[in-house]
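**Student:** Sequence first, then the predicted structure, then my questions.
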Amino acid sequence: MALIVQKYGGSSVADPERIRRVAQRVVKTRKAGHQVVVVVSALGDTTDNLLDLAAQVSKNPPERELDMLLSTGEQVSAALLAMAIGSHGMKAISLNGPQVGIVTDRAHTQARIQAVNVDRIHRALSKGTIVIVTGFQGMTPDQEITTLGRGGSDLTAVALAKALSAKICEIYTDVEGVYTADPRIVPNARKLPTISYDEMLELASLGAQVMQARSMEMAKKYEVPLHVRSSFSRRTGTIISKEVKAMEEVVVSGVSLQKDEAKVTICDVPDRPGIAATIFTRISDVNINVDMIVQNISRTGFTDVSFTVGRLQLGKALKVARRVAAEVKAGRVAHDEGVAKVSVVGLGMRSRSGIAAKMFQALAKESVNIDMISTSEIKISCIIRKDQAARAVKALHDAFGLDKLGVRRKR
Ligand code: ASP
Ligand code: MG
């Protein structure tokens, strides 16, 4: 007998039929003798629809009220799933974030989990009850409801798996696992049987929409074993675990694409100590996350500084950039929304050379121009034109032989 945490995403519980199917799977796991804690997302597009409603009644909805609103979505799916399981003659109880005792900080809509109280869950499990927990939410020490950022049900699942010392945290979704690339772009993308936390962390933050990046950080920190798999099939998916030696054999395990990037350039910036510090302090002061930064070599005492931000933050970034350009006596501020970021990720890069060259050659062969480059130990990213992005991803997938890695996709 093991304790298993299962998390079902929005598409897995999108309608009553699917909820009944999830109930069957949960019941089966319970009947196999395991203790089961289930974490659910809101039905289908519920969260988007709720955000939409908010936008229709207020231009600037207070974040506290947004959390009151958004947290209702998961309560619906949790209660429905508990009922569906109950109709199999099994004991099940749904609990929301506050009822469980998921304590967070006060950062509404982006709250961080500070503590998880598992007493009530343990009590229910010991009576043979299946526990359904609403994903994506918690409560501050002063009883305010908070949400954990988009995709936050993953974080709830990982936090519970850790607090309960679960044997495995299964993440059920509508794809069969983690792929070498987005199968919608690269039809011969392969399912990876295993991947390390570090690679998955890079892929998550690079826009491979499999798991919330924050949940990956927590999984890595506490070494929570994860199994990403489909709720529509019985096949095993991808195991995400800490690094083992064999993983280093693979130079590149995935190509990812981030389309929601925008580039900002501050022209003719005086080339003096302290200027970059001023620029990026002003930007971080307004909570803008800068991704890549490139500064050209100056020949005349002036240089251009470019950086990328998420497209949603472009408006805010431009405002600050213009202000700080005036402050440091730089020139004009330009921007470009037609960019995308392609990245290759792999543990094996650490011990092998020539990977960047191979990436650039593959892009050159497709006449894809590289605008900016950044690297980390296990990742190389290039900013390119958005309309060339799909071509670039395919070319890189081919160049690194990813169609021969992992498991062929069943269609
Ligand atoms: N329902 C929330 C969202 O759509 C949380 C989640 O699904 O993980 O972001
Ligand atoms: Mg998700």
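**Tutor:** Noted; the coordinates are in hand. Ligands and ions are numbered 1, 2, ... in the order given.

**Student:** Tell me the confidence at residue 207?
**Tutor:** Reported pLDDT at residue 207 in the predicted model: 67.

**Student:** Likewise for residue 323?
**Tutor:** Residue 323 carries a pLDDT value of 97.

**Student:** Hmm, residue 282 and it touching each other?
**Tutor:** Yes: judged on Cβ atoms under 8 Å, residue 323 makes contact with residue 282 at a distance of 7.0 Å. Where you see a C-beta, it was placed from the backbone N, CA and C, and this is true even at glycine.

**Student:** of those two, who's got more company?
**Tutor:** A side-by-side neighbour count of residue 323 and residue 282, using other Cβ atoms under 10 Å, places residue 282 first with 17 against 12.

**Student:** Make sure that one is actually in contact with residue 322.
**Tutor:** No: using Cβ under 8 Å, residue 282 makes no contact with residue 322, being 10.6 Å away.

**Student:** part of a strand, is residue 383?
**Tutor:** Yes: under DSSP: H, G, I helix; E, B strand; the rest coil, residue 383 sits within a strand.

**Student:** Now do it against residue 188, distance only.
**Tutor:** 26 Å (Cβ to Cβ, to the nearest Å).

**Student:** Same drill for these two, tell me which one is more crowded.
**Tutor:** residue 383 (24 against 15).

**Student:** residues touching that one, list them.
**Tutor:** Shown in contact with residue 383 (Cβ atoms under 8 Å, 6 or more residues apart in numbering): 261, 263, 292, 308, 339-341, 370-373.

**Student:** Return the residues in contact with the nearest residue to residue 388 once chain neighbours are set aside.
**Tutor:** Nearest-residue entry for residue 388: residue 368, 4.8 Å, with adjacent residues in sequence omitted and distances by Cβ to Cβ, 6 or more residues apart in numbering. If a contact means Cβ under 8 Å, 6+ apart, then residue 368 has 384-385, 388, 391-392, 395 as its contacts.

**Student:** got it, and residue 271?
**Tutor:** By Cβ under 8 Å, 6+ apart, the contact set of residue 271 is 298, 301-303.

**Student:** repeat for residue 308
**Tutor:** 261-264, 290-292, 339, 341, 372, 383.

**Student:** Check residue 47 too.
**Tutor:** 10, 41, 70, 73, 136, 150.

**Student:** swap the cut-off to 10 Å and go again
**Tutor:** Contacts for residue 47 (Cβ atoms under 10 Å, 6 or more residues apart in numbering) come out as 10, 41, 69-74, 136, 147, 150-153.

**Student:** Residue 248 too?
**Tutor:** Neighbours of residue 248 in contact, by Cβ under 10 Å, 6+ apart: 196, 346-352.

**Student:** Next: residue 174.
**Tutor:** Residue 174 neighbours (Cβ under 10 Å, 6+ apart): 9-12, 14, 18, 230-232.

**Student:** Of those residues, grab the buried ones for ChimeraX.
**Tutor:** Selecting only the buried entries of the contacts of residue 174 in ChimeraX, with 16 or more other Cβ atoms under 10 Å as the criterion:
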select :9,10,11,12,14,18,230,231
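
**Student:** Need the contacts of residue 174 in a markdown table (columns: pLDDT).
**Tutor:** Formatted as a markdown table, the contacts of residue 174 follow (pLDDT from 0 to 100):
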| residue | pLDDT |
| --- | --- |
| 9 | 96 |
| 10 | 96 |
| 11 | 95 |
| 12 | 96 |
| 14 | 97 |
| 18 | 97 |
| 230 | 94 |
| 231 | 93 |
| 232 | 92 |
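
**Student:** Closest one of the contacts of residue 174 to ligand 2?
**Tutor:** Proximity of the contacts of residue 174 to ligand 2 (Cβ to the ion) peaks at residue 9, which lies at 4.8 Å.

**Student:** which residues of this structure fall in helices?
**Tutor:** When assigned using DSSP state H, the helices of the chain occupy the ranges 16-31, 46-57, 63-86, 97-100, 119-126, 153-163, 197-205, 213-222, 275-285, 314-327, 355-365, 389-399.

**Student:** and these, which one is worst for confidence?
**Tutor:** Least confidently modelled of the helices of the chain is helix 197-205, at a mean of 88 by mean pLDDT.

**Student:** Can I get that one as PDB, trimmed to CA atoms?
**Tutor:** Output of helix 197-205 as PDB, limited to C-alpha atoms (Å, rounded to 0.1, in the frame of the first residue of the first chain):
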ATOM      1  CA  TYR A 197      14.100  18.300 -12.600                       C
ATOM      2  CA  ASP A 198      16.700  20.700 -14.000                       C
ATOM      3  CA  GLU A 199      15.700  20.100 -17.600                       C
ATOM      4  CA  MET A 200      12.000  20.200 -16.800                       C
ATOM      5  CA  LEU A 201      12.500  23.400 -15.000                       C
ATOM      6  CA  GLU A 202      14.200  25.000 -18.000                       C
ATOM      7  CA  LEU A 203      11.500  23.600 -20.300                       C
ATOM      8  CA  ALA A 204       8.700  24.800 -18.000                       C
ATOM      9  CA  SER A 205      10.100  28.300 -17.800                       C
END
